[in-house]
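Engineer: No letters, just coordinates:
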């Protein structure tokens, strides 16, 4: 019994030290409207994805917009992709990256690999077809992400008694479909992460 307790404590300490939760807390003064605040996001836009790339390797890890932290990733099986999105022929798998914005907002990048560009385009078309229309306004807005045509999808979640907006960006670059979304009603937070993919 004593060995189990020691083992659990050691594992807890190891996780705590890896996560960085023991860092010194530094309080920051929030910007006011009178401050001249500018945010610069540097991304490298690459039109062609290098040959031999995979979904996990395309997730942005080090170069992220201010306020974002990469938490980790995992691979997506064909069943995962079909369960979360749509079932089309040609799905090879994918990867999901987990991010945190300003220590409070969860955000995600899913990169799905298909066997052809036409399958990737069909994936996006079928994904959009799975949504019902909104009572007012447009569910889909054409946007540009890293010089690629993309679609911003507007959804609503109910929190308490309020309907809160959620935005998802989806586009393809060749055989890869990029899906970026987050737990925020601020579409710029999600669009910054979408741009950070560089693709």
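Structural biologist: Received it, and whenever you're ready, just let me know what you need. Note that this is a predicted model, so its numbers are computed, not measured.

Engineer: Low-confidence regions, the protein specifically.
Structural biologist: Where the chain drops to pLDDT under 70, the residues are 1-47.

Engineer: Strands of that one, start to end?
Structural biologist: For the chain, the strands defined by DSSP state E cover 68-76, 91-101, 105-114, 140-145, 148-159, 162-173, 176-182.

Engineer: Same list (these) but as CSV, adding distance to residue 193 and mean neighbour count.
Structural biologist: Glycine gets a C-beta too; all of them are placed from N, C-alpha and C. Converted to CSV, the strands of the chain look like this (distance: least, CB to CB, whole Å; neighbours: other CB atoms under 10 Å):
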stretch, distance to residue 193, mean neighbour count
strand 68-76, 6, 15
strand 91-101, 6, 20
strand 105-114, 5, 22
strand 140-145, 10, 14
strand 148-159, 13, 15
strand 162-173, 8, 18
strand 176-182, 5, 24
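
Engineer: Including distance to residue 190, could those go into TSV?
Structural biologist: Below are the strands of the chain laid out as TSV (distance: least, CB to CB, whole Å):
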stretch	distance to residue 190
strand 68-76	11
strand 91-101	9
strand 105-114	7
strand 140-145	10
strand 148-159	8
strand 162-173	5
strand 176-182	5
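
Engineer: Among those strands, which comes closest to residue 199?
Structural biologist: For the strands of the chain, the distance to residue 199 is smallest for strand 162-173, at 4.6 Å, taking CB to CB.

Engineer: which strands and helices sit next to that closest one?
Structural biologist: If you count contacts as 3 or more CB pairs under 8 Å, 6 or more residues apart in numbering; DSSP states H and E, strand 162-173 packs onto helix 117-129, strand 140-145, strand 148-159, strand 176-182, helix 187-196.
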